[in-house]
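Peer 1: need a structure here:
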Amino acid sequence: MHLLLINPNISASVSALIESEARRSAAPGTTIEVLTAPFGVAYIETRFEALAGAWAAAQLAAEHHGRADAVIVAAFGDPGLDALREVLPCPVTGLTEAALASACLLGQRFAIVAISARIRAWYRETVAHYGLSSRLANIRALDEPLADIGRVQQDQASRLLDLATRCVEEDGADVIVLAGAPLAGLARSIADRLPVPVVDGVSSAVRHAQLLVAMQPKRALRGSFAAPPIKANQGLPEAIRVLLGSPPEP
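Peer 2: Coordinates of the predicted model:
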């Protein structure tokens, strides 16, 4: 099985964290491939940054999906996930979708621990998109600039643990979701220090992707996830044009 994980951000250090946790989580014999966005921002906090990340993910998916059994959007908030599900011939999931699905199997109410206060609005909208707002206990986040996105786990370990503890004690969370690729693998190191289950987005996405591949689901031919209709277009990268089934430009 070949899993393609796409980091929609430009941070190579975060891609390394993604790859490390994905390899730990994958079943034996699984090939893990991680691609980093060639343009965009270091980490996504806002809707507009998510728009840029979604386009970067779309380009990478269009260029490289042919060798993948499943594609994972490896950023919390899942930028571009639904759009990729319309056009890719293989299963697609993302860190948020998979983490929330895991959390819902472990408890009734989940809380999210995030790396940025600004990011909370977008995360709330993402949770609502998945129809799970009623199960969200709270989103707690770090509230200071991050010196190095690849070292946020080491630099902010005690504060992240404190936020997770408050989610349990003050917000009544049954499950903690650690949000974002920069926190990949942190659940392994703090699980024994919290009284409730802790969910990691990368490990959840890898395991859900493997399940989807094993299920061999049929591609949608009707409904909202059917392939987009073929129509005239202009100025699109060739890989995107091919993915859309477009005829050559005149």
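
Peer 1: Buried residues in stretch 159-179, which are they?
Peer 2: Across stretch 159-179, burial judged by 16 or more other CB atoms under 10 Å covers 160-161, 163-165, 167-168, 173-179. All C-beta spots, glycine's among them, are computed from the backbone N, C-alpha and C.

Peer 1: Same question for stretch 7-18.
Peer 2: For stretch 7-18, the neighbour count (16+ other CB under 10 Å) marks 7-11, 14-15, 17-18 as buried.

Peer 1: Tell me which residue is most central in this structure.
Peer 2: Nearest residue to the geometric centre of the chain (CA atoms, centre = their mean): residue 95, 2.7 Å.

Peer 1: can I assume that residue is in contact with residue 205?
Peer 2: Yes. In terms of CB atoms under 8 Å, residue 95 counts as a neighbour of residue 205; the distance is 5.2 Å.

Peer 1: Identify the contacts common to these two.
Peer 2: The contact sets of residue 95 and residue 205 overlap at 72, 74 (CB atoms under 8 Å, 6 or more residues apart in numbering).

Peer 1: Name the residues that touch stretch 55-73?
Peer 2: The contact list for stretch 55-73 (CB under 8 Å, 6+ apart) reads 1-6, 8, 33, 35, 37-40, 75, 79-81, 83-84, 87-95, 98, 205-206, 209-210, 212-213, 237, 239-240, 242-243.

Peer 1: Off-centre distance for that stretch?
Peer 2: Stretch 55-73 sits 13 Å away from the centroid of its parent chain (CA atoms, centre = their mean, to the nearest Å).

Peer 1: Sort out for me which of the buried residues of stretch 159-179 are in strands.
Peer 2: Assigned to strands by DSSP state E, the following of these qualify: 175-178.

Peer 1: that older thread, would you list the buried residues of stretch 7-18 in TSV and tack on pLDDT?
Peer 2: Listed next are these as TSV, based on pLDDT from 0 to 100:
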residue	pLDDT
7	98
8	97
9	96
10	96
11	95
14	95
15	96
17	95
18	96
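
Peer 1: okay, those residues in TSV with distance to residue 70 next?
Peer 2: Formatted as TSV, these follow (distance: CB to CB, whole Å):
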residue	distance to residue 70
7	16
8	17
9	20
10	23
11	23
14	20
15	18
17	20
18	15
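
Peer 1: Save those as JSON lines, and put in secondary structure too.
Peer 2: What follows is the buried residues of stretch 7-18, written out as JSON lines (DSSP: H, G, I helix; E, B strand; the rest coil):
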{"residue": "7", "secondary structure": "strand"}
{"residue": "8", "secondary structure": "coil"}
{"residue": "9", "secondary structure": "coil"}
{"residue": "10", "secondary structure": "coil"}
{"residue": "11", "secondary structure": "coil"}
{"residue": "14", "secondary structure": "helix"}
{"residue": "15", "secondary structure": "helix"}
{"residue": "17", "secondary structure": "helix"}
{"residue": "18", "secondary structure": "helix"}
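
Peer 1: which of the residues you listed lies closest to residue 117?
Peer 2: Distance to residue 117, by CB to CB, is smallest for residue 9 among the buried residues of stretch 7-18, at 18.3 Å.

Peer 1: In three-state terms, label the closest residue to that closest one other than its chain neighbours for me.
Peer 2: Nearest residue to residue 9 in three dimensions, chain neighbours excluded: residue 43, at 5.3 Å (CB to CB, 6 or more residues apart in numbering). When classified by three-state DSSP, residue 43 comes out as coil.

Peer 1: Confirm for me that residue 43 is in contact with residue 11.
Peer 2: Yes. Shown here, residue 43 and residue 11 form a contact pair, counting by CB under 8 Å, at 6.4 Å.

Peer 1: shared neighbours of those two, anything?
Peer 2: Shared contacts of residue 43 and residue 11, defined by CB under 8 Å, 6+ apart, comprise 149, 182.

Peer 1: which residues in the protein form helices?
Peer 2: Shown for the chain, the helices assigned by DSSP state H span residues 12-25, 47-64, 81-87, 95-106, 120-129, 152-155, 157-169, 186-190, 201-215, 238-243.
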